[in-house]
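**Student:** Make a model of this:
(one chain, ligands or ions: 2)
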Amino acid sequence: QPIRLADYHPPSHLVEAVELTFRLAPRGTRVRSKIRFRANPAGLENGNLRLDGENLRLVSCALDGTPLTALDYLLTPEGLTVPAERLPGPSFTWEAEVEIDPADNTALEGLYTSGGMFCTQCEAEGFRKITFYPDRPDVMAPFTVRIESDLPILLSNGNPAASGPGWAEWHDPWPKPAYLFALVAGDLVAHSDRFTTMSGRDVALNIWVRPGDEDKCAYAMDALKRSMRWDEEVYGREYDLDVFNIVAVDDFNMGAMENKGLNIFNSKYVLASPETATDRDYDFIESIVAHEYFHNWTGNRITCRDWFQLCLKEGLTVFRDQQFSADTRSAPVQRIEDVLQLRARQFREDAGPLAHNVRPDSYVEINNFYTATVYEKGAELIGMLRRIVGAQEYRAALDEYFRRHDGQACTIEDWLAVFEDVTGRDLSQFKRWYTQAGTPRVSAEWQVAEGRLHLRLAQELPPTPGQPLKEPVVIPVAMGLLSPEGAELLPETTVILDGPELTLDFDLDEMARRACIARPDHVIPSLLRGFSAPVILDAGLSRADRLVLLAHDPDPFNRWEAGRSLMRETLMEMLTGGAPDPALFDALDRLLAEDRLDAAFRALCLALPSEDDMAQAAHDAGLVPDPTAIHATRRAMQVAMARALQPRLAALYDAMDPGPAYSPDADQAAKRALRNSALTLLARIEGPARAKAHYAAATNMTDEIAGFTTLLETGDPDIARRFHDRWKDDRLVMDKWFMAQVAHAAPEQAVAIARALTDHPLFDWTNPNRFRSVIGGLTSGNPAGFHDPSGAGYRFLADWLIRLDAKNPQTAARMSTAFETWRRYDADRQALITGALDRIAAQDGLSRDLSEMVERIRAA
Ligand code: ARG
Ligand code: ZN
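**Tutor:** Ligands and ions are numbered 1, 2, ... in the order given. All right, here's what the predicted structure looks like:
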């Protein structure tokens, strides 16, 4: 049943052109297709015509105008095959009419309805639920689409060709795979603008939303225009159609989708107003708009040969959107946030039963591989490559990639070959990053003796499911050296660790002379600056060394990292009965007082490792994490920090008020982030008065939600009702209301609160955002509640996964990853979790999506 990369065969037929006609009706949409095929000279297969098709009612079909009967083809629940001997010749036209039921399509894959509109999601394999087609990314074709419907706005890919009352035609001249097909029909209004490309092409830009939401599109539009300009300036990539449309949809399984010329977005990542969206929401909107736009070149013009190559487009496009955000906002803050995300999601995945290669070798359901590993670790690999070859050669390689592969469906081998050809390097060892799972561990040891520093770096690759033994990878380690006073002894340099170990030797006299200081008797290595590789580093630094880095490292990432590591260590010591070291609080106090430091950076330095980080840290230290104790310890640490930093926090609370005129820009957002961090910490020792005033005075959602969540924790009995009454008609804000109540509940009440919220009249569990708010609010937002020793959290999740799986397998499978860490925990919890997993596995008719996940999580 698994599909293997090693079994790839080129398609037997290629498509020269596709014409589709949709007669839309919620319960019975008719799709007529006319597809011009020709035999693929490179096709190794038997020459049969193989078309994918699922949940389609075949009305009629014909080859070169001759109708086929049931004897002419083989029809299964997965598709239709016309044997080679029934085909008219090497080139022919296939025509078919099918009927589909968009209103019944609760999986939200293929053509479905959402709030009275029609929309599509085809990646990865949804097009086969629309019509019979070779639904694989290495079959690319130009599409012409006719839509017939009474709905006022009818959209598809490419450029508008013609329209009249009740119909519209679209033509997309750029050959594309079926997964990039899109269609939207509805009663929509546009927020419109224009963009002139670098060669002078005038592009009409539209963001389509439901009437009433048109005043919430300005930020997404601004982000779109900035993304278009940035891709021209930084990558030389220009847009290639007359129109670019974005549509916001309420029911959507993921963030957004890069369909050619017609991006479809989860409304959460489009709609924003200061009153309803937080700074974080604005940040996401900016980066997701950029991400989908950047796919036009990295994904659409150059696509993937097969789904094993998913990281070819996703890793590169995430890297590009991260670069864009770094250029647009503060680069160090962006890097820290990207690394936080990588560690929270990808390191966690890599450490458990779901670990897989950035380029997987096999899958059962490809939707289960849209993972942090493919996306975020995939982006890290691009970043390492860029660091190794340098910015100029990276740009030269990208130019060559676009030149050589435009219009093609490519592989990781194609990608690396471009870099090898352009830079003259051998990247065969680098390629191991794509074919080995797991997070490498790097350790450093050093001594200072006779005026020299001896530094030894070593790498180790722990086994992962199915990969007991691994080969060393190429690890770029950006580094510097500091004196105990914090003077920089060595300007930043990058060394490459590509064997099991590497030893380096530095002359201290020479370095001291260049730095104009006396020869130090101690040196502090600042390793892996900017997080130059996705590894777990044991830097071997004493507490005193890390305090020096926290105060003086010229690399902001490592400054933050030093503080992070001190906090993690302190929390671990407190977990086993220790008390925090006042030196850490003194260091934080000084850092908070550095006014020339970015406020967002200071807020990040103040944030504690999450409960999940601590559970992993406990596990790594050979302990069995106790989620309840971890939660209590983190609380105790917040109280201790608030006590130690109180005057500073109170001063920052006043100083960081950006005033009433809201702007989502990085500068204001940074102030609010620091101010709201001060608020939450102070509430741990001051009680609710400040939060009450903050909530009452809030004029934007960032401040309002900060006040709201603080009041939920300090026990204001009426706050949830007041927030509800104010926002009950706004879906996106109500998602926050649902989530916050679960995430900020006391652990012993969290499951009961989550359960009560699933009975709320506004809890629509078929809406993925709402489902994630409550169920994800527990599993990710309240780990101590989810891991309640009674097992109630596990039963609650299992019940909901079983229920959702029957309607929406993709979202159910995605949420099942809450169980992926089960081996960390004690025997009782392990038994409760495996019991829950076994109960899911035993369900009749479980989807391929969820059954694959449960099996992988349970095994290994
Ligand atoms: N390509 C989309 C993006 O990264 C995401 C599509 C996710 N598809 C899926 N089946 N999970 O922007
Ligand atoms: Zn993407």
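**Student:** What spatial separation is found between the residue lying closest to Leu224 once chain neighbours are set aside and ligand 2?
**Tutor:** Of all residues not flanking Leu224 in the chain, Val289 sits nearest, at 5.3 Å (CB to CB, 6 or more residues apart in numbering). Just so you know, the C-beta spots here come from the backbone N, C-alpha and C atoms, and that holds for glycine as well. Distance, Val289 to ligand 2, by CB to the ion, to the nearest Å: 12 Å.
**Student:** And for Gly47?
**Tutor:** Here Gly47 is placed at a distance of 35 Å from ligand 2 (CB to the ion).
**Student:** burial of that residue, as a residue count?
**Tutor:** Gly47 sits with 15 neighbouring residues when counted by other CB atoms under 10 Å.
**Student:** Beyond the longest helix along the chain, next helix or strand please.
**Tutor:** Taking DSSP state H as the criterion, the chain has its longest helix at helix 627-655. Helices and strands here follow DSSP states H and E; after helix 627-655, the next one along the chain is helix 666-686.
**Student:** Show me which positions of the helix or strand following that next one end up buried.
**Tutor:** Where DSSP H and E defines the elements, the next helix or strand beyond helix 666-686 is helix 689-697. Across helix 689-697, burial judged by 16 or more other CB atoms under 10 Å covers Arg690, Ala691, Lys692, His694, Tyr695.
**Student:** Quick check: which element contains Ser192?
**Tutor:** Secondary structure assignment for Ser192, by DSSP H and E: strand 189-196.
**Student:** meant to ask about Leu75
**Tutor:** Assigned by DSSP H and E, Leu75 falls in strand 74-76.
**Student:** What is that strand packed up against?
**Tutor:** Strand 74-76 is packed against no helix or strand, with contacts defined by 3 or more CB pairs under 8 Å, 6 or more residues apart in numbering; DSSP states H and E.
**Student:** Show me what the residue nearest to Arg128 when sequence neighbours are not counted bridges to in the sheet.
**Tutor:** Among residues not flanking Arg128 along the chain, Asp52 sits closest, at 3.8 Å (CB to CB, 6+ apart). Note on Asp52: beta-bridge partners Gly79, Tyr133, judged by DSSP bridges.
**Student:** got it, and the one 10 residues further on?
**Tutor:** The bridge-partner assignment for Ala62, based on DSSP bridges, gives Pro67, Glu95.
**Student:** tell me which residues in the strand holding Ser192 are buried?
**Tutor:** Val189, Ala190, His191, Asp193, Phe195.
**Student:** coming back round to it: shouldn't the residue nearest to Leu224 be in contact with Ile246?
**Tutor:** Yes: between Val289 and Ile246 there is a contact under CB atoms under 8 Å: 7.5 Å.
**Student:** Check which helices and strands the strand holding Ser192 sits against.
**Tutor:** Against strand 189-196 (3+ CB pairs under 8 Å, 6+ apart) you get strand 202-209, helix 218-235.
**Student:** would you turn the buried residues of strand 189-196 into CSV with pLDDT and distance to Pro500?
**Tutor:** Below are those laid out as CSV (pLDDT from 0 to 100; distance: CB to CB, whole Å):
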residue, pLDDT, distance to Pro500
Val189, 98, 61
Ala190, 98, 58
His191, 98, 56
Asp193, 99, 55
Phe195, 99, 51
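**Student:** Quick one: name the residues of the stretch 601-750 of the chain near ligand 2.
**Tutor:** Not one residue of the stretch 601-750 of the chain sits near ligand 2, judged by CB under 5 Å from the ion.
**Student:** Residue in the stretch 601-750 of the chain with the shortest distance to ligand 2?
**Tutor:** Proximity of the stretch 601-750 of the chain to ligand 2 (CB to the ion) peaks at Leu732, 21.8 Å away.
**Student:** which SS class is that residue?
**Tutor:** helix (DSSP: H, G, I helix; E, B strand; the rest coil).
**Student:** quick one: the spatially closest residue to it that is not a sequence neighbour from ligand 2, how far?
**Tutor:** Once flanking residues are discounted, Leu732 sits nearest to Lys268: 5.7 Å by CB to CB, 6+ apart. Distance of Lys268 to ligand 2, given as CB to the ion: 16 Å.
**Student:** Can you report how many residues lie near Lys268?
**Tutor:** Residues near Lys268, counting by other CB under 10 Å, number 23.
**Student:** dump the residue contacts of it.
**Tutor:** By CB atoms under 8 Å, 6 or more residues apart in numbering, the contact set of Lys268 is Asp281, Phe284, Leu732, Asp735, Asn769.
**Student:** Out of those residues, the closest to ligand 1 would be?
**Tutor:** Of all the contacts of Lys268, ligand 1 sits closest to Phe284, with 12.4 Å by CB to the nearest ligand atom.
**Student:** Could I get the contacting residues of that closest one?
**Tutor:** Here Phe284 is in contact with Gly255, Lys268, Tyr269 (CB under 8 Å, 6+ apart).
**Student:** so the last one touches Gly255, yeah?
**Tutor:** Yes: contact between Tyr269 and Gly255 holds when scored by CB under 8 Å: they sit 5.5 Å apart.
**Student:** Can you measure across stretch 815-824, start residue to end residue?
**Tutor:** End-to-end distance for stretch 815-824: 19 Å, by CA to CA, to the nearest Å.
**Student:** let me redo that: stretch 429-442
**Tutor:** Using CA to CA, the span of stretch 429-442 from its first residue to its last is 17 Å.
**Student:** mind checking how far Tyr73 is from Asp240?
**Tutor:** Going from Tyr73 to Asp240 by CB to CB, to the nearest Å gives 37 Å.
**Student:** quick one: which of those two has more around it?
**Tutor:** Taking neighbours as other CB under 10 Å, Tyr73 and Asp240 compare with Tyr73 leading, 20 against 17.
**Student:** so what pLDDT did the more buried one get?
**Tutor:** In this prediction, Tyr73 carries a pLDDT score of 98.
**Student:** Equivalent analysis for Lys728, please.
**Tutor:** According to the prediction, Lys728 has pLDDT 98.
**Student:** Might one say that Pro491 is in contact with Met479?
**Tutor:** No: contact criterion CB under 8 Å: Pro491 and Met479 do not qualify, at 10.3 Å.
**Student:** With neighbour numbers in mind, choose between those two.
**Tutor:** Higher neighbour count among Pro491 and Met479: Met479, with 22 against 11, using other CB under 10 Å.
**Student:** which residues does the more buried one bridge with?
**Tutor:** Thr493, Leu527.
**Student:** ok, it - contacts?
**Tutor:** Met479 neighbours (CB under 8 Å, 6+ apart): Leu490, Glu492, Thr493, Thr494, Val495, Pro525, Ser526, Leu527, Leu528, Arg529.
**Student:** Flag every residue of this structure that's near ligand 1.
**Tutor:** Within reach of ligand 1 by CB under 6 Å from any ligand atom, the chain has these residues: Glu123, Ala124, Met254, Ala256, Met257, Glu258, His291, Glu292, Glu314, Asn367, Tyr370.
**Student:** Now for the last one: which residues touch it?
**Tutor:** Yep, that's Tyr370 we're talking about. For Tyr370, the contacting residues are Ala124, Met254, Leu310, Glu314, by CB under 8 Å, 6+ apart.
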